[in-house]
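Next one to model:
(chains A and B)
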Amino acid sequence: MAEQLSPEMALPAQVTAADNTEAPLLRATRRGSQPPAPARSTEEGKPPLLPSRRSSILSTLPAPLASRRSSLGAAPGGKRPSIGPWMLHSRVSFSGLPLFQPILRTRLENTYRMGPDEGCKFNAGRVQRVLEGALASALGTTVYSPQGSALLAQSLAELLQNQVKEAVPPRYKLVCHVLLGQQGQQSLLVASRALWDPESDSFASATFSNASLFAVVTVHGVYFE
Amino acid sequence: MDDFQSGDETSFVVDEVSSIIKEAIESAIGGNAYQHSKVNQWTTSVVEQTLSQLTKLGKPFKYIVTCVIMQKNGAGLHTASSCFWDNSSDGTCTVRWENKTMYCIVSAFGLAI
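This next block holds a predicted model:
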């Protein structure tokens, strides 16, 4: 019995070092079975052999669960890493523990909703007005420069997306595409096509130009069921 | 509807989409010079061909394909895109192509259903 316990004693040795004061029951018995720690001697007063044997062999499953449960109440996070990952690999981790299996996607509850609510669709006209206003205010008198315009395009894309996000109903995924170019004598054509559900999904686009640059913005809104 | 772990069937594979787009561009405007009258037709055919090939992959995705064709005249052009989606399942692929007279930029976005 003692020999069986000693390898396992090595494992939680660091655990005991981490916290001496609060120890969940099963782990305490495992530790307490050999050198009697004074605080845990009361637990050892119960049949010493049975809990210790159980804790040494079977503790692979129950003990970490118990410890996880109790440690959730007791909250010290330092105990978990020493035993958790190997024992819990068959469990879905909700506390960020590493898993050896590929992580299953979290399953959301079924809302039984397959389309947007009545009157809650992507309003293309409203989004277009938002885009035009935002473009005019962001690019009013900006001058095209080769170095700065790359950053400007990126920041513009994010800015417009944030503004459009407030104007669309929930459960919509957005794709915001910004084209920023120097005003020259060239010709340009932007085309887009999408494979989606025409009743719930739509797009809006806006253009802006001044003496030195032009901008074309397209925002597609796709319903996510 | 069971949970399934992400595999080839359910994630956006960038390389595959990129090769589809390149093929579509090559076949639509491969050896042509810029012609204003034909640009409309070219963009349409690039986009349509890309979209139909993407559909043939048979994945549970909604697609958005954008194509920009610009004449080469010394002007600069920047494109940027920002998306509000699920990072683990959705993806995008952008292909830049050029010849002596024009630039062509095609972006494909795939959004999981």
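
Spit out the contact partners of B:Ile25.
Counting by CB atoms under 8 Å, 6 or more residues apart in numbering or on different chains, B:Ile25 touches B:Val46, B:Val95, B:Trp97, B:Cys104, B:Val106. The way it works is simple: take the backbone N, C-alpha and C, and place the C-beta from them, glycine included.

The residues you listed in strands, which ones?
B:Val95, B:Trp97, B:Cys104, B:Val106 (DSSP state E).

returning to that earlier point: can you narrow the contacts of B:Ile25 down to the ones near chain A?
Among the contacts of B:Ile25, the ones lying near chain A by CB under 8 Å from any CB of the partner chain are B:Val46.

which residues touch whichever strand or helix holds A:Leu160?
Using DSSP states H and E, A:Leu160 sits within helix A:148-167. For helix A:148-167, contacts defined as CB under 8 Å, 6+ apart pick out A:123, A:126-127, A:130-131, A:134-135, A:138-139, A:142, A:174, A:176-180, A:182, A:213, A:215, A:217, A:219, B:76, B:78-84.

Please spell out the ChimeraX selection for the buried subset of those.
To isolate the buried subset of the contacts of helix A:148-167 in ChimeraX, counting by 16 or more other CB atoms under 10 Å in any protein chain shown, use the following:
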select /A:123,127,130,131,134,135,138,139,142,174,176,177,178,179,180,182,213,215,217,219 /B:78,79,80,81,82,83,84
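
Restricted to strands, list the contacts of helix A:148-167.
Going by DSSP E, the strands hold A:174, A:176-180, A:182, A:213, A:215, A:217, A:219, B:78-84 from the contacts of helix A:148-167.

before we move on, the earlier item: out of the contacts of B:Ile25, which is nearest to chain A?
The closest of these to chain A turns out to be B:Val46 (CB to the nearest CB; 7.8 Å).

Need the pLDDT of that closest one.
On the pLDDT scale, B:Val46 is placed at 89.

Now do it against B:Gln71, distance only.
16 Å (CB to CB, to the nearest Å).

And A:Arg107, by the same measure?
For A:Arg107 relative to B:Gln71 (CB to CB), the value is 51 Å.

Also A:Ser145?
21 Å.

from the ones in strands among the contacts of B:Ile25, which is closest to A:Tyr112?
Using CB to CB, B:Val106 is the member of the ones in strands among the contacts of B:Ile25 that lies nearest A:Tyr112, at 37.5 Å.

Can you name the residues bridging to that closest one?
Per DSSP bridges, the residues bridged to B:Val106 are B:Cys67, B:Val95.

Look at the residue nearest to B:Pro60 when sequence neighbours are not counted and say how many residues are nearby.
Nearest non-adjacent residue to B:Pro60, counting by CB to CB, 6 or more residues apart in numbering or on different chains: B:Ile113, 4.8 Å away. B:Ile113 has 14 neighbouring residues, counting by other CB atoms under 10 Å in any protein chain shown.

Now do the same for A:Pro146: helix, strand or coil?
With DSSP: H, G, I helix; E, B strand; the rest coil as the basis, A:Pro146 sits in coil.

What sits closest to it if chain neighbours are left out?
B:Gly76 (5.4 Å).

ok, now B:Phe84?
Per CB to CB, 6+ apart, closest to B:Phe84 is A:Leu174, 4.0 Å.

so where do the strands sit in chain A?
For chain A, applying DSSP E gives strands covering A:172-182, A:188-195, A:202-209, A:213-223.

wait, chain B
Secondary structure of chain B, counting by DSSP E: strands at B:61-71, B:77-84, B:91-98, B:102-112.

Minimum distance to B:Ile20: which of these has it?
Counting by CB to CB, B:Ile20 lies closest to strand B:102-112 out of the strands of chain B; the figure is 7.9 Å.

quick one: A:Asp197 from A:Ala138, how far?
For A:Asp197, the distance to A:Ala138 - CB to CB - is 31 Å.

oh sorry, the question was meant for B:Val13
B:Val13 is 35 Å from A:Ala138, by CB to CB.

do A:Val175 as well
19 Å.

again, but for A:Phe122
22 Å.

ok, now B:Val95?
The gap separating B:Val95 from A:Ala138 is 28 Å, by CB to CB.

Can I get stretch A:125-142 in CSV, CA atoms only?
In CSV, the C-alpha atoms belonging to stretch A:125-142 read as follows (Å, rounded to 0.1, in the frame of the first residue of the first chain):
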residue,chain,number,x,y,z
GLY,A,125,-31.0,52.3,-47.6
ARG,A,126,-30.2,53.1,-44.0
VAL,A,127,-26.8,51.5,-44.2
GLN,A,128,-26.0,53.4,-47.3
ARG,A,129,-26.8,56.7,-45.6
VAL,A,130,-24.7,55.8,-42.7
LEU,A,131,-21.8,55.0,-45.1
GLU,A,132,-22.1,58.2,-47.0
GLY,A,133,-22.1,60.3,-43.9
ALA,A,134,-19.2,58.5,-42.4
LEU,A,135,-17.1,58.7,-45.6
ALA,A,136,-17.7,62.3,-46.0
SER,A,137,-16.7,63.1,-42.5
ALA,A,138,-13.7,60.9,-42.5
LEU,A,139,-12.3,61.8,-45.8
GLY,A,140,-13.5,65.3,-46.3
THR,A,141,-10.2,67.0,-47.2
THR,A,142,-7.7,64.2,-47.1
